[in-house]
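Participant: Give me a model of this one.
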Amino acid sequence: MDRPICFFSDYGYTDDFAGVCRAVIARLAPDVRVIDVTHGLPERDVLAGAVVLRNTLPYMPDKAVILAVVDPGVGGPRRPVALRSHGDRLFVGPDNGLLMHAVDLDGGADVAHELSNQELWLTPLSATFHGRDIFAPVAARLASGLSLESVGAAVAGDQLDRIDLPDPMRHRDGLTAIAVLVDRFGNVALNVRARDLEKARLTQTVELITGGERYHARVARTFASVRVSDIVVLIDSYGQASVAVSNGSAAEVLGLDAGAEIRLRRLG
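Facilitator: Take a look at the predicted model:
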């Protein structure tokens, strides 16, 4: 039985990049279902892409092929790889840390292979579009039944690249967090979980310090529990603490981008 392909990328929705990858898949595996999870991953932001893959993995179909492309090192020394997790999903993408948080959540890597079998690639090979010429055709063939061992040489699990998601830094009166992802509504996800807020006793009103500015924010469960335009810290749908503005954009109000440092300080 064919595996569905769940396709993630930073290709965007304006250019033809994601569409031509889908067309390659359709030519090689016309019966395979492709789920476009998102092509709006932050451009060239491997950590943000890794967080999205990890967060969404529990909602992906069993035995899916996870095709993920955030590849600022395309054409360089990073390897193209395919992995099978102990949860029996297949992962296809660049070996730059993008895949591994999701793989670990799915039981860890069972086996991994470099995509070194050039017979599976499109020709001529572009130096800048491996999504079309390597990742999409390999994902299509794996989804339609090709054995993982056929894609190329085996790679030891400890040789796969990983990217760290830093823990928040604890202080006597709170913690310092990093913005890891900004969504299209301007909500800013932090490297903080509910338990981190509880341990730091950040449960009511807090002070946010970022970019030399200070803001008061409510810690709340929902947008409905605060007034329009209030700054709020809440637990988002993936269990991460996020800074948001009710009916507004926290990214704009607080001037936040992915990678920004935010101090959350307990008041009172």
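Participant: Export the longest strand seen in the chain to PDB, keeping only CA atoms.
Facilitator: Longest among the strand segments of the chain by residue count, using DSSP state E, is strand 174-182. Once side chains and other backbone atoms are set aside, the C-alpha atoms of strand 174-182 remain, and they are given as PDB (Å, rounded to 0.1, in the frame of the first residue of the first chain):
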ATOM      1  CA  GLY A 174      11.600  34.400  36.300                       C
ATOM      2  CA  LEU A 175      13.400  33.200  33.100                       C
ATOM      3  CA  THR A 176      14.900  34.200  29.800                       C
ATOM      4  CA  ALA A 177      13.400  32.700  26.700                       C
ATOM      5  CA  ILE A 178      14.100  32.600  23.000                       C
ATOM      6  CA  ALA A 179      11.500  33.300  20.300                       C
ATOM      7  CA  VAL A 180      11.600  30.100  18.100                       C
ATOM      8  CA  LEU A 181       8.700  30.800  15.700                       C
ATOM      9  CA  VAL A 182       6.500  33.600  14.700                       C
END
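Participant: Any stretches of this protein with poor pLDDT?
Facilitator: Low-confidence regions of the chain, defined here as pLDDT under 70, cover residues 268.
Participant: Give me the contact list for the longest strand of the chain.
Facilitator: Applying C-beta atoms under 8 Å, 6 or more residues apart in numbering, the set of residues contacting strand 174-182 from outside is 42, 47-48, 51-52, 165-166, 168-169, 188-192, 196, 200, 202, 206, 240-241, 243, 251, 256-266. Bear in mind the C-beta positions are built from the backbone N, C-alpha and C, glycine included.
Participant: One more: stretch 98-109?
Facilitator: Identification of contacts with stretch 98-109 by C-beta under 8 Å, 6+ apart yields 46, 49-51, 53-54, 57-58, 66, 68, 70-71, 81, 83-87, 89, 91, 93, 157, 160-163, 165.
Participant: Likewise for stretch 6-13?
Facilitator: For stretch 6-13, the external contacting residues (C-beta under 8 Å, 6+ apart) are 17-18, 21-22, 34-45, 49, 52-53, 60-61, 64-70, 131.
Participant: how far out from the middle of the chain is that stretch?
Facilitator: Between the centre of stretch 6-13 and the centre of its host chain there is 11 Å, according to C-alpha atoms, centre = their mean, to the nearest Å.
Participant: And for stretch 205-223?
Facilitator: Using C-alpha atoms, centre = their mean, we find the averaged C-alpha position of stretch 205-223 to lie 25 Å away from the chain's own average C-alpha position.
Participant: One more: stretch 197-210?
Facilitator: If you compare the mean C-alpha spot of stretch 197-210 with that of the full chain, they lie 26 Å apart, counting by C-alpha atoms, centre = their mean.
Participant: how about it: buried residues?
Facilitator: Within stretch 197-210, the residues scored as buried using 16 or more other C-beta atoms under 10 Å are 197, 200, 202, 206, 207, 208, 209, 210.
Participant: Which residues outside the helix or strand hosting residue 196 are in contact with it?
Facilitator: Residue 196 is part of helix 194-199 when elements are defined by DSSP states H and E. When contacts are defined by C-beta under 8 Å, 6+ apart, helix 194-199 is touched by residues 168, 170, 175, 203, 219, 233, 235, 239, 241, 264.
Participant: go on, stretch 227-237?
Facilitator: Outside of stretch 227-237, the residues that reach it under the criterion C-beta under 8 Å, 6+ apart are 187, 189, 194, 197, 202, 206, 208, 215-223, 226, 241-248, 250, 253-254, 264.
Participant: Please produce a PyMOL select command covering the buried subset of those.
Facilitator: If you want just the buried ones from those in PyMOL, going by 16+ other C-beta under 10 Å, the selection is:
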select buried, resi 187+189+197+202+206+208+215+217+218+219+220+223+226+241+242+243+244+245+246+248+250+254+264
